[in-house]
Structures are given as structure tokens and as C-alpha cells.
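**Student:** 3D, please:
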Amino acid sequence: MNIKAIPHPSQFVDAKLTAAIRSLAAEAEKTGSLHPEQLAIIYKQKWFNLFVPEKYNGLQLTLPEALNIEESLAWVDGSVGWTVTLCSGANWFIGFLQPNLAKIIFNKDKVCLAGSGRPSGTARIIEGGYEITGFWKYATGSAHATAFTANCFIEDKGTIIRDKDGSAVIKSFLFLREEVILHNDWDCMGMLATSSNSFEVQRLRIPENRCFVIDAAFTFIDEPLYQYPFLQFAEATLAVNICGMAIHFMDVCQPLFNGRSENRNYIDTSRSCLNNAREELKHKRESFYLVIKNSWNECAKNNVVPAELLPGVSKQSKELAATSRRLVDELYPYCGLIAANNHSEINRVWRDLHTASQHSLLI
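**Tutor:** Residues are numbered from 1 along each chain as shown. Below you'll find the predicted structure:
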């Protein structure tokens, strides 16, 4: 890929699919979850399985390829892009699941994992497995998830287990959909169709093979994709969502600004602001995709990303998200009251972007 000519997100999603997804966005917001027809498209395109091996019915894309699609889907619709990103990210955990469990979970066409990274549960060691109690917020895709993942502190004989440095040991677990209690409590100004609800389990007993560790040293699938560090993987996938929504916002600004009939200075200023925003975001995307390309090439070649490259990935991811948000906010005052209308497309994009950008990894 020519880093100096990053294509517009529209180049990675069929125009007919874009139109179909967007035509259902308002209805999806009302129901609080993705529309069945949107989900049908996602499953047909295998977007939840961007990072899943082909033998498990996945696309098995490289990280740069997947980021292009995630950015594009966020450009199409914020809720769709965010849900695909978070759920495909959870499906990426297949690389860390024991093979016998992976075969059970991924033995169907429609597989979607949802979950939470916050360690707000406790797993008590029992004979043959664990007894788990916990409550986790913001499980994007919960309405249609087939399984859930969650992080827990580990307890043995009434004591929280700690590492040599004194920090509490945290491990990840997988629950079946019928094992969790769902709470329909997602209530934010944006990302309304992501069904990012809470879930809980109470004294749930599960076998030992439901526990997994998200670390390159604990993979069960020998592929570079599962050697890429999770923190930078997560930062990058979230950042492209904010960027994709920002590009959508700018695209919607164009006809608004062109249709202005106010004084000439106002029109010229708004159009100049838009042109400058597009140019700045273009350069920031180029910088971001360059560090992603370099880090991925190292991972694909040597099965490891050199430690000195990781800070650059984190830095560029956060800067891409911050720049996207800032540029949108600079354009917003020129958009008129249509941008404050809860039922307008540009307002939905603004609400989605400012909800998603609250994620702590982007700070």
C-alpha cells in the first residue's frame, strides 16, 4: 500500500452496502441495537471474523487490512463500525483459547463475542475450574453476542493471588450467552445502536479451559496476528473508528457549506476550514498507517514487534483520535442548527464520535 495515498474509506466497502447500512441507522438507534439487516450484512461479509483463521470461517486479515475495513465501517456508520471493531477484537481472542474450546465456540456461521476489559469480577479457584462472580459494563454487541469475555481477579482460599511485584493477577474468562445476566442499561447520547450493555454472573462455575491469557506467550495459533501486542492492537483499532467518523462528518459538511446563502466571508471561512481539516487529517492518517505498516511488517517477518516501535504506535493512535475529534469540533460551529437536530445525519455522526472518543485508551 502506498502510504502517501491512503484511499478514502469509501474504497473499502461496497457502495450498495454503505447505502443499505446507512438507510437503517436511524431505526437501529431507536431500538438500541443493530438492525437485523445490518447484522445480516456483517455476517455475510464476515466482518466479526476479521481476525479469525480461515479454518474457523474467518477472513484472517493482516492488521493493516483490518484497520482499513474498520475505519471504513466507522465512516459508513458509527454504531456499525464500533460494534464490528469491538466484537471482532473479542473474536481475535480465538488465538488464546484452548483448541478444544475454540472448536466449540467457533463451530457456527454466526459467532460474535462481546465483553469488557475491566477486571470487575473475582474468579475463585475450585476443583476443576473456577467459581466466578462479577459485573461488567459496556459490553458492545451484547444484544446479539453468542458468548462473553471478562477479566477477573483470581482468588485462592480467600486470598487474591498476586505477582512477584505485588500486583493482583488478572485473567480472562469466557462465558456462554445463557450463563450471563444481561442488563439493558446502555444510555448515552451516541453509539445508541451498539447495545453496549452491562452483564453479570453470580457464583458461576466453569471448567478450567474457559480461562485464557491475552499474551503472545500463551497463544495456541501460530500466526503473527496473535503476536501483535494487545494494547497497541486495541489502540489502533479504536483510533481508526474515530477517524472514520470524522471523515464522515467532513463529507456531510461539504453539501451543507456549499448550500450556504449567508455573507461571502462566512461561506469562504467555512469552506477554508473544511479544506484545512481534510488536509490535516490526511497527513495524520498517513503518519498513523506508516507506523502500523512498519510494526506489522516486523511482526509478520519475525513474529514479534520490536519494543522500540510500540510507543510510536500508541502515540500515533492517540494523536489520530485526538486530531479527528478536534477537527470535527472546529467545523461544528459552521454547520448551523441542522447539526444540533437529533434526527439529522450530521448530528448522529457528531454524537457517535463524541461518545466513542470517551474510551480511556484514546486519552
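**Student:** pop the domain breakdown of the chain in here.
**Tutor:** Following the assignment in automatic domain parsing, the chain carries domains at 3-96, 112-215, 227-362.
**Student:** so which of the ones you listed is nearest residue 104?
**Tutor:** With respect to residue 104, and counting by C-beta to C-beta, the nearest of the domains of the chain is domain 112-215 at 9.4 Å. Placement of C-beta: from N, CA and C, glycine included.
**Student:** what about the helices in the stretch 101-250 of the chain?
**Tutor:** Per DSSP state H, counting those that start in this stretch, the stretch 101-250 of the chain has helices spanning 230-258. These are given in chain order.
**Student:** now do the least confident helix or strand in the chain by mean pLDDT against helix 230-258, angle only.
**Tutor:** When the helices and strands of the chain are scored by mean pLDDT, DSSP states H and E, helix 264-302 comes last with a mean of 94. Relative orientation of helix 264-302 versus helix 230-258 (axes from the mean of the first three to the mean of the last three C-alpha atoms, to 10 degrees): 160 degrees.
**Student:** packing partners for helix 264-302?
**Tutor:** Other elements packing on helix 264-302 under the criterion 3 or more C-beta pairs under 8 Å, 6 or more residues apart in numbering; DSSP states H and E are helix 63-76, helix 230-258, helix 310-331.
**Student:** tell me which of those is the most buried.
**Tutor:** helix 63-76 (a mean of 25; mean count of other C-beta atoms under 10 Å).
**Student:** angle of the helix or strand following that one against helix 230-258?
**Tutor:** For helix 63-76, the following helix or strand on the C-terminal side (DSSP states H and E) is helix 78-91. In this structure, helix 78-91 runs at an angle of 170 degrees to helix 230-258, with the same axes, to 10 degrees as the basis.
**Student:** residues contacting the closest residue to residue 219 other than its chain neighbours?
**Tutor:** What sits nearest to residue 219 in space, not counting adjacent residues and going by C-beta to C-beta, 6 or more residues apart in numbering, is residue 226, at 4.4 Å. With contacts taken as C-beta atoms under 8 Å, 6 or more residues apart in numbering, residue 226 has the following neighbours: 92, 95, 96, 216, 219.
**Student:** tell me, how many residues neighbour residue 279?
**Tutor:** Counted with other C-beta atoms under 10 Å, residues neighbouring residue 279 total 10.
**Student:** could you measure it against residue 286, distance?
**Tutor:** 11 Å (C-beta to C-beta, to the nearest Å).
**Student:** still on that earlier bit, from the contacts of residue 226, which is closest to residue 41?
**Tutor:** With C-beta to C-beta as the yardstick, the closest approach to residue 41 among these comes from residue 92, at 20.7 Å.
**Student:** ok, the closest one - how many residues close by?
**Tutor:** If you count neighbours by other C-beta under 10 Å, residue 92 ends up with 24.
**Student:** mind telling me what element the closest residue to it other than its chain neighbours is part of?
**Tutor:** By the measure of C-beta to C-beta, 6+ apart, the closest residue to residue 92 outside its immediate chain neighbours is residue 51, 4.0 Å from it. Mapping residue 51 onto the secondary structure by DSSP H and E places it in no helix or strand at all.
**Student:** give the residue spans of the stretch 151-300 of the chain that score low on pLDDT.
**Tutor:** Within the stretch 151-300 of the chain, the stretches falling below the threshold (pLDDT under 70) are 261-262.
**Student:** if we can go back for a sec, list the contacts of the residue nearest to residue 92.
**Tutor:** With contacts defined as C-beta under 8 Å, 6+ apart, the neighbours of residue 51 are 58, 59, 60, 61, 66, 88, 89, 91, 92, 94, 95, 225.
**Student:** any idea what the nearest residue to residue 171 once chain neighbours are set aside is bridged to?
**Tutor:** Sequence neighbours aside, residue 211 is the residue nearest to residue 171 in space, at 5.4 Å (criterion: C-beta to C-beta, 6+ apart). Here residue 211 shows beta-bridge partners residue 173, assigned using DSSP bridges.
**Student:** would you confirm that residue 211 contacts residue 130?
**Tutor:** Yes: with contact defined as C-beta atoms under 8 Å, residue 211 reaches residue 130; the gap is 6.5 Å.
**Student:** for residue 32, phi and psi?
**Tutor:** The phi/psi pair for residue 32 (degrees, to the nearest 10) reads phi 80, psi 10.
**Student:** please name the nearest non-neighbouring residue to residue 292.
**Tutor:** In space, residue 292 comes closest to residue 64 once its chain neighbours are excluded; the distance is 5.6 Å by C-beta to C-beta, 6+ apart.
**Student:** so the one you found makes contact with residue 296?
**Tutor:** Yes: contact criterion C-beta under 8 Å: residue 64 and residue 296 qualify, at 5.5 Å.
**Student:** please report how far the residue nearest to residue 92 lies from residue 136.
**Tutor:** Residue 51 is 22 Å from residue 136, by C-beta to C-beta.
**Student:** repeat that for residue 337.
**Tutor:** As for residue 337, its distance to residue 136 is 39 Å (criterion: C-beta to C-beta).
**Student:** do the same with residue 194
**Tutor:** Residue 194 is 15 Å from residue 136, where distance means C-beta to C-beta.
**Student:** higher neighbour count, those two?
**Tutor:** Set side by side, residue 194 and residue 136 give different neighbour counts by other C-beta under 10 Å, the larger being at residue 194 (31 against 27).
**Student:** contacting residues for residue 12?
**Tutor:** By C-beta under 8 Å, 6+ apart, the contact list for residue 12 reads 68, 69, 71, 72.
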